[in-house]
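Novice: what shape does this take:
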Amino acid sequence: MTELKGKRVLITGGAQGIGLEMAIKFAGRGAEIVIADLNEAKLPGAKARIEEVGVPVWAFPVDVTNPASIASLRAQIAAEAGPVDVLVNNAGVVFGGPFTETPLDRHFKTFEVNVLGVVAMTHAFLADLIERPEAHLVHISSASGFIGLPYGSTYAASKWAVIGFSESIRAELNLTGRKHVHSTVVCPSYIGTGMFDGVEAPKATNILEPGYLAEKVVQAVERNRIHVLEPFMVKLTPLLRSLLPTGLSDKLSHLFGADTSMTHWTGHEGEEASEAGEEPQPESRDQPDAEL
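Specialist: Model (predicted):
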């Protein structure tokens, strides 16, 4: 089990949503917190909330799609806070709607933030983690990384990529003798942050409370768990997908409503586009990253 007290945790997209919830939970274990977010306006308020727990907190702006911004973040953290022990790649975006009716630039943006941003952050900070006595990588993926998601095709595809990237980095660390750097990939169903208004949770599942999932993530880091799959039905999804013929798997997905869950999604119109802190866009359907 990893002792979190005194460890330094960096969370992208940490000024809001599940990122902020995780920051508060890590702080409750005595960890020092660094939050980074593109939305600078939310950083002071988020920092103040975390400071109420009674731990050191730093807040910095970052654009995870910009390597220069990430390099600047790394330099600021090194100068003001010190080396990072835990990196939580949480920042992400989601754009909903029929594939052909969603502008191509939004599909590209999904991969740019959800995949390339994760790769860029990991590339910048992994060497620092390796230098620590014990360290941890956390990648926030989604249950949609295991199944297709109509009306969220590139979002699901980006989360599949995060799972593959996480598994590959974990295997590479083990292969090269860096087993002191642990890795967790988090694959939840919908989270009740309010950012997926209109969705219907698949049958036999429930909308997850942000605090509940944040606690599960912290426990996974403490116990060096490789996966966080929530709620219970998500734990069965990879097994069922591997055992069942595709046709039967598709029928089961439809029976449980997994393939129609995004059909009536509306989200919060006009609010921030992402947990990475995208600027608001009028009449946009893009929303902060709340998982499926």
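
Novice: contacting residues for residue 70?
Specialist: Each residue near residue 70 by C-beta atoms under 8 Å, 6 or more residues apart in numbering is listed here: 62, 63, 64, 120, 121, 124. C-beta coordinates here come from the backbone N, C-alpha and C atoms, glycine included.

Novice: and the two most separated of those residues?
Specialist: Across the contacts of residue 70, the longest distance by C-beta to C-beta is 12.6 Å; it joins 63 and 124.

Novice: about what we covered before: out of the contacts of residue 70, who's the most crowded?
Specialist: Among these, residue 64 has the most neighbours (other C-beta atoms under 10 Å), with 30 neighbours.

Novice: wait, that one touches residue 119, no?
Specialist: No. Residue 64 is beyond contact range of residue 119, at 9.6 Å (criterion: C-beta atoms under 8 Å).

Novice: I'd assumed residue 11 was in contact with residue 36.
Specialist: Yes. Using C-beta under 8 Å, residue 36 is in contact with residue 11, at 7.2 Å.

Novice: using the three-state scheme, assign residue 216.
Specialist: helix (DSSP: H, G, I helix; E, B strand; the rest coil).

Novice: just the element for the residue nearest to it when sequence neighbours are not counted, please.
Specialist: Using C-beta to C-beta, 6 or more residues apart in numbering and skipping the chain neighbours, the partner closest in space to residue 216 is residue 228 (5.3 Å). Assigned by DSSP states H and E, residue 228 falls within strand 227-230.

Novice: helices and strands of the chain: which one has the lowest mean pLDDT?
Specialist: strand 287-288 (a mean of 42; mean pLDDT, DSSP states H and E).

Novice: before we move on, the earlier item: what strands line up against the strand holding residue 228, and which way round?
Specialist: Taking DSSP bridges as the criterion, strand 227-230 sits next to strand 181-188 (parallel) in its sheet.

Novice: wait, what's in contact with the closest residue to residue 173 other than its chain neighbours?
Specialist: Closest residue to residue 173 apart from its sequence neighbours, by C-beta to C-beta, 6+ apart: residue 181 at 5.1 Å. Residues in contact with residue 181 (C-beta under 8 Å, 6+ apart) are 126, 129, 130, 132, 134, 135, 136, 137, 173.

Novice: run the last query once more with 6 Å
Specialist: For residue 181, the contacting residues are 129, 130, 135, 173, by C-beta atoms under 6 Å, 6 or more residues apart in numbering.

Novice: do the same with residue 21
Specialist: 210, 211, 214.

Novice: dump those residues to TSV, plus distance to residue 148 and pLDDT.
Specialist: Formatted as TSV, the contacts of residue 21 follow (distance: C-beta to C-beta, whole Å; pLDDT from 0 to 100):
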residue	distance to residue 148	pLDDT
210	25	85
211	29	91
214	27	96
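
Novice: ok, and the most crowded of the residues you listed?
Specialist: Taking other C-beta under 10 Å as the neighbour criterion, residue 214 ranks highest of the contacts of residue 21 with 23 neighbours.
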